[in-house]
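Asks: Sequence and predicted structure below; questions after.
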Amino acid sequence: MRDMTMFEMNEQNKHCPVSVTEQIIDGKRYIVKSHFIGEKDIDIVIHNIAFTRAMSETLAPQAA
């Protein structure tokens, strides 16, 4: 399967819900545009993030 171009992705998902929020981080303003294109199990997502972070911290070379 080939990667889709940004135009193709926009066309495919143009009917999906979109939310726009403003975030201020360290005094800098960011506009975050989120496209909802499907469902994810939040438990699995958080588990995968936590597991990946724990493994990278455990296996990272220790500074001397």
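Replies: That came in fine, so what should we check first? This structure is a prediction, so every number in the text was calculated from the model and none was measured.
Asks: Kindly provide the distance from Met4 to Ile37.
Replies: The gap separating Met4 from Ile37 is 12 Å, by C-beta to C-beta, to the nearest Å. For glycine as for every other residue, the C-beta is placed from the backbone atoms N, C-alpha and C.
Asks: Ignore what I typed, I meant Ile46.
Replies: Taken as C-beta to C-beta, the span from Ile46 to Ile37 is 20 Å.
Asks: List the buried residues of the top helix by length along the chain.
Replies: When the chain is parsed with DSSP state H, its longest helix is helix 42-59. Residues of helix 42-59 classed as buried: none (neighbour count, 16 or more other C-beta atoms under 10 Å).
Asks: Off-centre distance for the lowest-mean-pLDDT helix or strand in the chain?
Replies: Every helix and strand of the chain was ranked by mean pLDDT, DSSP states H and E. The lowest is helix 6-12, at a mean of 83. Between the centre of helix 6-12 and the centre of its chain there are 18 Å (C-alpha atoms, centre = their mean, to the nearest Å).
Asks: right, and the helix or strand after that helix?
Replies: strand 18-25 (DSSP states H and E).
Asks: List the contacts of that next one.
Replies: Arg29, Tyr30, Ile31, Val32, Lys33, Ser34, His35, Phe36 (C-beta atoms under 8 Å, 6 or more residues apart in numbering).
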